[in-house]
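Asker: structure for the following, please:
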Amino acid sequence: MRFLKKNYGLFFILILSFWAVKPFFIPGFFPMHDDTQVARVFEMGKMLGSGVFPVRWVPDLGYGYGYPLFNFYAPLAYYIGGAFILLGFNALVATKIMMGLGVILAGVFMYFLARKFFGELGGIISGLFYLYAPYHAVDIYVRGDVAEFWAYAFIPLLALGVYKKNVLIGAVGYAGIILSHNLTALMVTPFLFIVVLLNCYIAFKNKKSFIINPSSLVLLLGLALSAFYWIPALVEIRNTNVFSQIGGGADFKDHFVCLGQLWDSLWGFGGSVPGCTDGLSFKIGKLYIVLSLLALSVTTFVRRIRENKERRIVFISFLGFFISVFFTLEISKPVWQAIPAMAFFQYPWRFLILTSFFSSVLAGSVVTLLGQYKIKPYLIVLTLVFFLLFFNIKLFNPQTILHKTAVDYTNEHTLKWDTSRISDEYLSPNFKKPKSEKEVAKGQTNIRVEETNIEKISNMVSLIGLLAMALGIILFKSKANYE
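Answerer: As a prediction, the model looks like this:
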């Protein structure tokens with residue numbers, strides 16, 4: 001009862017998250033751009049069931065010859081899905097649970113972050129706004145980008161750890177991002193690195209240890225925990241055909257967002273094309289933009305705002321909001337061209353992940369800011385929740401429901417031909433791709449894959465990271481008991 005009273009906002013978010021995941025309760029499944037999710041969960045479950053960990057290679061993809069999928073494609077969400085297969089669920093149900101869990105975690109982690117800034121009611125608003133952000137709906141029900149929306153969920157956890165100077169929470173959040181989606185990790189890491197440098201500078205000015213501080217430990221421990229994945233991926237990527245994904249139809253120069261699209265753009269289930277007539281929506285959401293500008297205006301011009309903490313959070317969040325919007329627009333093209341690594345993002349509109357994050361934080365701040373005018377906080381919350389759900393629930397629906405079962409996604413034909421053709425960029429450049437289904441490998445292909453030295457080293461680094469985290473938890477509990 002005490003926990004319920006202390007965390008009533010959490011239960012409020014869990015209840016109101018129902019409409020975000022409601023389609024997962026409908027029999028069958030829905031089409032999406034990355035229509036490989038059930039197959040990947042099935043393959044992960046098969047390898048985990050065989051006692052393989054960490055999973056790097058799957059046997060049925062790669063046209064039946066085997067495929068090093070999870071050596072390069074961030075695996076965390078699929079470990080979760082594979083675990084549910086081990087618990088007895090079929091591949092389709094396990095995929096739905098895995099996806100639904102990732103959706104809900106976004107709202108939960110944002111709630112815990114914003115609650116530290118703006119109290120219980122502000123945490124509720126930020127959590128729900130983050131959960132029901134339009135780009136979140138695009139990732140779930142249009143693109144089907146499970147990896148990206150799982151990374152989206154861990155961003156607030158990383159921020160919470162950095163803000164609280166809690167190395168364990170921050171490291172889990174950072175490792176979660178890396179293990180969920182490498183491109184989101186590449187996007188978030190510069191922000192974390194800036195925080196590390198600022199903290200080092202402040203510590204140096206105060207004549208304290210400026211190299212070892214909580215934020216730098218978050219960075220190092222997060223990298224260590226996820227080393228079993230990212231070290232082999234970086235070292236062995238040259239043996240794949242992944243660089244073929246840069247340019248062509250995924251050239252970043254063709255996928256900048258038009259300014260008007262951020263305010264409003266038609267909802268669709270198509271693709272991204274050059275110009276301003278894309279088949280999917282890139283809107284931030286009018287409510288999000290208005291509340292972000294309102295938060296900045298009130299914080300800047302109203303003298304009643306006494307809390308320096310709230311001012312800092314609002315100004316930093318709006319700066320992050322502005323920077324992330326900037327990178328979606330063509331005006332940022334010189335920066336993209338100056339930093340070759342940014343070509344891996346392929347689509348500038350991916351920065352809507354961060355835009356959604358910062359605008360959701362700003363939305364939560366409005367509860368506190370307007371409270372300075374003696375407006376009842378509960379009235380503000382109820383009004384914002386009503387308008388949020390009224391405008392955004394309809395976005396969290398698939399285009400249609402397909403009456404398919406798990407077998408439709410995991411039969412031999414689908415795995416070795418249909419799914420393999422969707423994702424084959426991690427095959428060797430020398431691999432001759434089959435031109436027809438007759439050329440795929442038939443039956444069970446047994447390929448022995450030896451663990452490389454680099455994989456042994458990376459596994460050892462991750463083990464050291466886990467031991468360091470365990471030691472940190474023990475020391476933290478011992479300190480708490482002593483106090």
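Asker: His33: neighbour count?
Answerer: 17 (other C-beta atoms under 10 Å). Using the backbone N, CA and C atoms, a C-beta is placed for each residue, glycine as well.
Asker: ditto for Thr414
Answerer: The number of residues packed near Thr414 is 18, by other C-beta under 10 Å.
Asker: same check on the one 10 residues further on?
Answerer: Summarising burial for Asp424: neighbours were counted as other C-beta under 10 Å, giving 17.
Asker: where does it sit: helix, strand or coil?
Answerer: coil (DSSP: H, G, I helix; E, B strand; the rest coil).
Asker: residues contacting it?
Answerer: When contacts are counted by C-beta atoms under 8 Å, 6 or more residues apart in numbering, Asp424 is found next to Gly62, Tyr63, Tyr67, Asn241, Lys433.
Asker: can I assume the first one sits in a strand?
Answerer: No. Under three-state DSSP, Gly62 falls outside any strand and is assigned coil.
Asker: residues touching it, list them.
Answerer: By C-beta under 8 Å, 6+ apart, the neighbours of Gly62 are Ser420, Asp424, Leu427, Phe431.
Asker: what do you get if the cut-off is 7 Å, keeping everything else the same?
Answerer: Ser420, Asp424, Leu427 (C-beta atoms under 7 Å, 6 or more residues apart in numbering).
Asker: likewise for the second one?
Answerer: Tyr63 makes contacts with Lys416, Ser420, Lys433, Pro434, Val440, Ala441, as judged by C-beta under 7 Å, 6+ apart.
Asker: drop anything exposed from those residues.
Answerer: Lys416, Ser420, Pro434, Val440, Ala441 (16 or more other C-beta atoms under 10 Å).
Asker: returning to that earlier point: most widely separated two among the contacts of Asp424?
Answerer: Using C-beta to C-beta, the pair of the contacts of Asp424 lying farthest apart is Tyr63 and Asn241, separated by 13.4 Å.
Asker: test for you: state the pLDDT assigned to the closest residue to Ile85 other than its chain neighbours.
Answerer: Counting by C-beta to C-beta, 6 or more residues apart in numbering, Gly45 is the residue found nearest to Ile85 once chain neighbours are left out, at 3.0 Å. You'll see Gly45 listed with a pLDDT of 97.
Asker: count the residues that sit near Gly45.
Answerer: Neighbours around Gly45, by other C-beta under 10 Å: 26.
Asker: gap between stretch 225-237 and the chain center?
Answerer: 19 Å (C-alpha atoms, centre = their mean, to the nearest Å).
Asker: Asp264 versus the residue nearest the centre of the chain, what's the distance?
Answerer: By C-alpha atoms, centre = their mean, the chain has its centre lying nearest to Ala151, at 1.8 Å. For Ala151, the distance to Asp264 equals 26 Å [C-beta to C-beta, to the nearest Å].
Asker: remind me which residues of the stretch 1-150 of the chain are low pLDDT?
Answerer: For the stretch 1-150 of the chain, residues meeting the criterion pLDDT under 70 lie at 1, 3-5.
Asker: mind checking pLDDT for the closest residue in space to Lys22 that isn't next to it in sequence?
Answerer: Leaving aside its chain neighbours, Lys22 sits nearest to Phe396 (7.4 Å; criterion: C-beta to C-beta, 6+ apart). For Phe396, the pLDDT comes out at 98.
Asker: how near is Phe396 to Ser324?
Answerer: Applying C-beta to C-beta to Phe396 and Ser324 gives a distance of 22 Å.
Asker: please verify my assumption that the residue nearest to Ile85 contacts Leu86.
Answerer: Yes. With contact defined as C-beta atoms under 7 Å, Gly45 counts as touching Leu86 (6.3 Å).
Asker: which other helices and strands does the longest helix along the chain contact?
Answerer: Longest helix in the chain by number of residues (criterion: DSSP state H): helix 91-131. Here helix 91-131 touches helix 8-16, helix 18-21, helix 37-49, helix 76-86, helix 146-164, helix 352-371, helix 377-392, helix 406-410, going by 3 or more C-beta pairs under 7 Å, 6 or more residues apart in numbering; DSSP states H and E.
Asker: next, the angle from the fourth one to helix 91-131.
Answerer: It refers to helix 76-86. Between the direction of helix 76-86 and that of helix 91-131, the angle (axes from the mean of the first three to the mean of the last three C-alpha atoms, to 10 degrees) works out to 140 degrees.
Asker: and the first one, by the same measure?
Answerer: Counting by the same axes, to 10 degrees, helix 8-16 points 130 degrees away from the direction of helix 91-131.
Asker: residues of helix 8-16 that come out buried?
Answerer: Quick answer for helix 8-16 (16+ other C-beta under 10 Å): Gly9, Leu10, Phe12, Ile13, Leu16.
Asker: need the residues that contact it.
Answerer: Leu4, Ile104, Gly107, Val108, Tyr111, Arg115, Glu120, Gly123, Ile124, Gly127, Leu128.
Asker: closest to Thr405 among the residues you listed?
Answerer: Closest to Thr405, out of all of those and judged by C-beta to C-beta, is Ile104, at 24.8 Å.
Asker: follow-up on the earlier one: quick one: the helices and strands packed on helix 91-131 as JSON lines, columns for distance to Lys283 too.
Answerer: Output for the helices and strands packed on helix 91-131, formatted as JSON lines (distance: least, C-beta to C-beta, whole Å):
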{"stretch": "helix 8-16", "distance to Lys283": "21"}
{"stretch": "helix 18-21", "distance to Lys283": "17"}
{"stretch": "helix 37-49", "distance to Lys283": "25"}
{"stretch": "helix 76-86", "distance to Lys283": "26"}
{"stretch": "helix 146-164", "distance to Lys283": "17"}
{"stretch": "helix 352-371", "distance to Lys283": "9"}
{"stretch": "helix 377-392", "distance to Lys283": "11"}
{"stretch": "helix 406-410", "distance to Lys283": "31"}
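Asker: so which of those helices comes closest to Asn459?
Answerer: helix 76-86 (14.9 Å).
Asker: so what does the closest one touch, helix or strand wise?
Answerer: helix 37-49, helix 91-131, helix 146-164, helix 167-180.
Asker: as PDB, could you dump the C-alpha coordinates of the helix or strand following the first one?
Answerer: It stands for helix 37-49. Sequence order places helix 69-72 as the next helix or strand after helix 37-49, per DSSP states H and E. Backbone C-alpha positions of helix 69-72 (Å, rounded to 0.1, in the frame of the first residue of the first chain) are rendered in PDB as follows:
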ATOM      1  CA  LEU A  69      22.800 -11.600 -37.500                       C
ATOM      2  CA  PHE A  70      23.300 -11.000 -33.800                       C
ATOM      3  CA  ASN A  71      27.000 -10.400 -34.200                       C
ATOM      4  CA  PHE A  72      26.200  -7.100 -35.900                       C
END
